[in-house]
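**Q** next comes the sequence, and after it the predicted model I'd like to discuss.
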Amino acid sequence: MDLNLNTLKREILEYLESSGLTVFYSHAGGLEGPAIVLWDVEHQPDYRKFVETARTVGVQLIVFASREFETSDLDELATHLDDMGLGRDEQREYESRLRDLRIYQGVTCSLELAFDHNSRFYVFELQPDWYEDFLNLEDEIMSRFADDDGVDPDEPLSAYFSKN
């Protein structure tokens, strides 16, 4: 879904401030692991239902995180492209895709709400379609970069030890 997360971010923060819940401000992407339960934002996109669920189970603290898209994310990928030795057409295609994403600099690309209940983190996460496209492009480039370096991205510590 292509959302204006900047506007939604302000709306969510205002709602949380008026909800009587304590808000803990965190970094986006900080919640990982097997004890994570993701809210189905595709079928239940209303964050107010998520917050109401937290309140119903007696939660007093909501974790809030957001992330703005930075050109450094794109610059890092462009650096990898230069090191990959791609053909001219393929290089241009990747560069064009990266250039198209520059219009999103400074735009909120991720919003997360979470609460802890019975040793599980319940998470509501929104990302616009363009950011999903960026993440897919990043995965594509990084897997190609790892292949070009002779590094198996699935092999533990493969980037730290020489295979010589």
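**A** On my side now, so go ahead.

**Q** use CA for all of it now, contacts and neighbours both
**A** Fine.

**Q** now do the same contact list for the residue nearest the centre of the chain.
**A** Centroid-nearest residue in the chain: Ser110, 5.5 Å away (criterion: CA atoms, centre = their mean). Shown in contact with Ser110 (CA atoms under 8 Å, 6 or more residues apart in numbering): 5, 28, 65-68, 125-128.

**Q** gap between Glu17 and Phe64?
**A** From Glu17 across to Phe64, the span is 11 Å (CA to CA, to the nearest Å).

**Q** now do the shared contacts for those two.
**A** Val23.

**Q** neighbour count for those two, which is higher?
**A** Neighbours of Glu17 and Phe64, each counted by other CA atoms under 10 Å, are more numerous for Phe64; the result is 22 against 11.

**Q** packing partners for the longest helix anywhere in the chain?
**A** Longest helix of the chain, by residue count under DSSP state H: helix 129-148. Packing partners of helix 129-148 (3 or more CA pairs under 8 Å, 6 or more residues apart in numbering; DSSP states H and E): helix 71-83.
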